[in-house]
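Engineer: here's a sequence, model it:
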Amino acid sequence: MFTFSLTLVRHGETQYNKEKLLQGQGVDTVLSEAGMEQGEAVGQYLRDIHFNRVFASNLKRAVQTAELILRNNTHCSGMDMVLEPLLRERGFGVCEGHPKDHMKNMANASGQSCRDFTPPGGETLDQVRLRFKKFLKVLFKKMLEEHGSSEPSASAEVSEAANGTSASASASASGDAPVASADDGLQGVPVHVLVVSHGAYIRVANKHLVEDLNSSLPQGVKMSQLFAPCPNTGISRYVLTLSQSESSRSPVLSAARCVFTNRKKHLDDLAAAE
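Structural biologist: Okay, here's the model as predicted:
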């Protein structure tokens, strides 16, 4: 068995975000000045976490955010990141470059909710989920290849951390904890992975990890909080335990725990300065 943490971060703000315009995959914008500040803030917040692997969507706004996080990190400055097309934002087809209300109006006209509506030429939510599942398959294989063989059978400490049963893990599980520490959920976990992606994509990822992969939930947190829209540079974290399948060489997810989703504590100082 092998346990690692997965930290998901949404990119910083772009001018399109500020103007409530859909970007998707076809509009590849860079971070705004506010987005750069948010990237610095999340980088400072995560600066002491030793990420072993860093993956980012290959769209500019995600790459820039990942670069800012690495630049601020005390362990990972200069580390090469993996640019992964599977982490790109949901494609919004003909709605890309248009106001979000444009897609909402199209959804209303078709009798669907905006969240479930797929614009012409866009991706369905199931297609986005499939991309994330493919990414997880690649990630799980890399984790076991690179770290699984060097790790002993999961110790009690790591097993407890993965299942959220240790005192330290239980204390940090809730997103409403009095002190939201950057290392919440990481006690006893040997390897850490950072993924920088996009708002709609991360929302689908959170739902897949919780609903399909049965991640245990933070204490006292409602589903509506877990699946709320992710703010720019919002952070979500999971602790995952893998085992080797006896019938094949493919890794199997044997335990999963959601530590928190959409955390934005690192933006408090920026908000206060406005």
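Engineer: backbone phi and psi for the closest residue to L8 other than its chain neighbours, please?
Structural biologist: Using CB to CB, 6 or more residues apart in numbering and skipping the chain neighbours, the partner closest in space to L8 is S236 (4.4 Å). (Glycine included, C-beta is placed from N, CA and C.) The phi and psi values for S236, taken as degrees, to the nearest 10, are phi -130, psi 150.
Engineer: which residues in this structure form strands?
Structural biologist: 2-10, 53-56, 82-83, 191-197, 235-244, 251-263 (DSSP state E).
Engineer: figure out which of those is closest to Q225.
Structural biologist: Put simply, out of the strands of the chain the one that sits nearest Q225 is strand 251-263, at 7.4 Å, with distance taken as CB to CB.
Engineer: the closest one packs against which elements?
Structural biologist: Judged by 3 or more CB pairs under 8 Å, 6 or more residues apart in numbering; DSSP states H and E, the packing partners of strand 251-263 are helix 125-146, helix 156-163, helix 167-173, helix 223-226, strand 235-244.
Engineer: now those as TSV including mean neighbour count and distance to L8?
Structural biologist: Conversion of the helices and strands packed on strand 251-263 to TSV gives the following (neighbours: other CB atoms under 10 Å; distance: least, CB to CB, whole Å):
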stretch	mean neighbour count	distance to L8
helix 125-146	16	10
helix 156-163	19	17
helix 167-173	17	17
helix 223-226	14	12
strand 235-244	23	4
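Engineer: CSV for these, including distance to D268?
Structural biologist: Shown next, in CSV, are those (distance: least, CB to CB, whole Å):
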stretch, distance to D268
helix 125-146, 29
helix 156-163, 27
helix 167-173, 18
helix 223-226, 18
strand 235-244, 13
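Engineer: low pLDDT regions in the stretch 151-274 of the chain?
Structural biologist: In the predicted model of the stretch 151-274 of the chain, residues 151-179, 246-248, 272-274 satisfy pLDDT under 70.
Engineer: now the residue of the chain most remote from its centre: how far from H102?
Structural biologist: With distances taken from the mean C-alpha point of the chain and given as CA atoms, centre = their mean, the most distant residue is A109, at 32.2 Å. Relative to H102, A109 is positioned 11 Å away (criterion: CB to CB, to the nearest Å).
Engineer: could you do L31 as well?
Structural biologist: According to CB to CB, L31 stands 24 Å off from H102.
Engineer: now swap in N108 and tell me
Structural biologist: 11 Å.
Engineer: tell me the centre residue of the chain?
Structural biologist: Ranked by distance to the mean C-alpha position of the chain (CA atoms, centre = their mean), the top residue is L8 at 2.1 Å.
Engineer: next up, the contacts around it.
Structural biologist: L8 makes contact with 195, 197, 202, 205-206, 235-238, according to CB atoms under 8 Å, 6 or more residues apart in numbering.
Engineer: who does it form a beta bridge with?
Structural biologist: In this structure, L8 bridges to V195, S236 when assessed by DSSP bridges.
Engineer: and stretch 40-60, how far apart are its ends?
Structural biologist: Taking CA to CA, to the nearest Å, the span from the opening residue of stretch 40-60 to its closing residue is 16 Å.
Engineer: gap between that stretch and the chain center?
Structural biologist: Averaging C-alpha positions (CA atoms, centre = their mean, to the nearest Å) puts stretch 40-60 11 Å from its chain's average.
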